[in-house]
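Peer 1: One predicted model, sequence on top.
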Amino acid sequence: MLELLHDLSDWVVGFADSDWAVLVLALASFSESIFFPVPPDPLLIGVGILQPENALWLAAVVTLASVAGAVVGHYLGKRFGRPLLYRIAPDDRVLAVEKLFQRYGAWAILVAAFTPLPYKVFAILAGILDMDRRRFVVASLIGRGARFFLLGGLIFVYGDSIEGFTDRNFTQLTIALGVGSVVVVGLGALYAYRRRARNAAS
């Protein structure tokens, strides 16, 4: 399975120097938020390296296409419910995501949009649990935008050395991403706790 995903990722990145690169990037970003197993980051890096002056614009394309796909996932979740979700993710992962979602709501969407967590599962579950679509879109735009504009900014600054930079600093980047996710979730939990306390006091 991992070998298949690696081959699929290589196939997607192979479009980086084609005339269809931006269109494929948008389609990959859109479909990854619904069902496609390969994230758009490798293709964004590939296209961005060839067009570093357009890296931030490419990040905007990826962000908007990804959130648009997530809105479709939200609709599908609301329309078709759990049977759809269980077809694209293992039962234990669905249950774990549901617990996070029920506890943190929009903060869970924001974190999933920024980190390697299964964003598509969160998007579909948001529809199943009837999360307000406007809140969902705002949280998704913040999370996806932070992720892809960070990557686009690194490409814009470092150019083709970004591949070497990520390889050399993979452990540090992973730790930083994990710590950042914990901080975001912690702040979200603190905000929710204080809000409940204020409501209880009033």
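Peer 2: Everything's here; your move. As the structure is a prediction and not an experimental result, all values here were calculated from the model.

Peer 1: Kindly provide the distance from I155 to N54.
Peer 2: I155 sits at a distance of 9 Å from N54 (criterion: Cβ to Cβ, to the nearest Å). Heads up, the C-betas are built off the backbone N, CA and C, glycines and all.

Peer 1: The two: which has the busier surroundings?
Peer 2: For I155 versus N54, the count of surrounding residues by other Cβ atoms under 10 Å is larger for I155: 27 against 17.

Peer 1: returning to what we had before: common neighbours of I155 and N54, please.
Peer 2: Common neighbours of I155 and N54, counting by Cβ atoms under 8 Å, 6 or more residues apart in numbering, are G48.

Peer 1: I124 touches Y86, doesn't it?
Peer 2: No: contact between I124 and Y86 fails when scored by Cβ atoms under 8 Å: they sit 10.1 Å apart.

Peer 1: of those two, who's got more company?
Peer 2: Counting neighbours by other Cβ under 10 Å for I124 and for Y86 shows that I124 has the greater number, 31 against 11.

Peer 1: per-residue confidence at that one?
Peer 2: According to the prediction, I124 has pLDDT 87.

Peer 1: Verify the contact between F114 and G145 for me.
Peer 2: No: proximity of F114 to G145 does not meet the contact threshold set by Cβ under 8 Å, at 9.0 Å.

Peer 1: Which residues are in contact with each of the two?
Peer 2: Common contacts of F114 and G145, defined by Cβ under 8 Å, 6+ apart, are absent altogether.

Peer 1: Report the buried residues of the host helix or strand of V111.
Peer 2: Assessed by DSSP states H and E, V111 sits inside helix 106-114. Using 16 or more other Cβ atoms under 10 Å as the test for burial, helix 106-114 gives A106, W107, A108, I109, L110, V111, A112, A113, F114.
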